[in-house]
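Novice: What shape does this take:
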Amino acid sequence: MRLLFLGDVVGRPGRRAVRAVVRSLRTREGVEFVIANCENAAGGKGVDPDAAEELYDAGVDVLTSGNHVWQHRTIVPHMESDRRLLRPLNFPRGVPGRGWTVQMAPHDTPVAVINLIGRAFMAPVDCPFQAVSDVLEEVRSQAAVIVVDMHGEATSEKVAMGRFLDGKVSAVVGSHTHVQTADARVLPGGTAYVTDAGMCGPEESVLGMRTDQVLRRFLTQMPTRFDVASGPTVVHGALMDVDTQSGRATAIRAVREREAE
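Specialist: Now for the predicted structure:
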């Protein structure tokens, strides 16, 4: 089967771009299952129920997130009932929501998605390596196809997670930095890997935010409000082919689609 992972969706332009591109990719590329990171989908930081529903309506099957997931208070009660919206598995025990899910793809193929977050240069959380180890047996009992979103700042930590899970899951895809990396490959054990999928949002920006505001912050170090940029959008992600019986990946390649405003 062919799966599509989309990098961090940034604000309304990102949601618009996903809507414009996903359905055509499903038809053109034969995509059967779509995962997107939504932690910046509402106003450029965080996600709210309306943004999540808009992405589902655009053709996304499962939403992952990261360190900004709690930015909008309305997402907290929603997280408890929405089984397609994940928060990182290795958040502290007792927080709302879930860190993994299994959803059905066409032909009754179960697809598991696990959401992790790194610790290097990030807020303190539980160990992502231990957290995924603790649930992997249960997840594998429910699905052969398993995709992991490793949401992290440090490339070394994401590469290490790919190596750690090689042969145990179908794919490890990095998110968070909004910059698509050029290292997509299938690792020796049969796990598709890329350090960062990139972002879905305004191309003429700094990580989706207005360039002038970000530059003002760097130049002055003064508090500066960041707004989502406008203009033409780009959709970044990764297409992965996975054998549904063994769960081993056979191919991965980068996606880079532009959509004019």
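
Novice: Do a quick rundown of the helices in the stretch 151-261 of the chain.
Specialist: 155-165, 211-220 (DSSP state H, counting those that start in this stretch).

Novice: What mean pLDDT does the first one get?
Specialist: For helix 155-165, mean pLDDT is 98.

Novice: what does it contact?
Specialist: Residues outside helix 155-165 that contact it (C-beta atoms under 8 Å, 6 or more residues apart in numbering) are 116, 118-120, 128-129, 132, 148, 150, 152, 172, 174, 181, 187, 191, 193, 195-196. Where C-beta positions appear, they are placed from N, C-alpha and C, glycine not excepted.

Novice: What subset of these is buried?
Specialist: Buried subset of the contacts of helix 155-165 (neighbour count, 16 or more other C-beta atoms under 10 Å): 116, 118-119, 128-129, 132, 148, 150, 152, 172, 174, 181, 187, 191, 193, 195-196.

Novice: so where is the protein shaky, pLDDT-wise?
Specialist: 260-261 (pLDDT under 70).

Novice: how about a cut-off of 90?
Specialist: 23, 258-261 (pLDDT under 90).

Novice: for it, longest helix please?
Specialist: helix 11-29 (DSSP state H).

Novice: Could you pull out the buried residues of it?
Specialist: Buried, per 16+ other C-beta under 10 Å, within helix 11-29: 11-19, 21-22, 25-26.

Novice: and what of stretch 132-152?
Specialist: Of the residues in stretch 132-152, 132, 136, 139, 143-152 count as buried by neighbour count, 16+ other C-beta under 10 Å.

Novice: Equivalent analysis for stretch 223-234, please.
Specialist: For stretch 223-234, the neighbour count (16+ other C-beta under 10 Å) marks 224, 226, 228-229, 233-234 as buried.

Novice: Could you list which residues are in contact with the residue nearest to Val22 when sequence neighbours are not counted?
Specialist: Nearest non-adjacent residue to Val22, counting by C-beta to C-beta, 6 or more residues apart in numbering: Gly59, 4.0 Å away. Listed by C-beta under 8 Å, 6+ apart, the contact set of Gly59 reads 18-19, 22-23, 26, 34.

Novice: and the residue nearest in space to the middle of the chain, how far is that from Gly94?
Specialist: For the chain, the residue nearest the mean C-alpha position is Asn37 (3.0 Å; C-alpha atoms, centre = their mean). According to C-beta to C-beta, to the nearest Å, Asn37 and Gly94 sit 23 Å apart.

Novice: Equivalent analysis for Val214, please.
Specialist: 35 Å.

Novice: Neighbour count for these two, which is higher?
Specialist: Val214 (17 against 5; other C-beta atoms under 10 Å).

Novice: Could you tell me which of the buried ones among the contacts of helix 155-165 belong to strands?
Specialist: 116, 148, 150, 172, 174, 193 (DSSP state E).

Novice: I'd like to know which of these is nearest to Gln103.
Specialist: Distance to Gln103, by C-beta to C-beta, is smallest for Val148 among these, at 14.8 Å.
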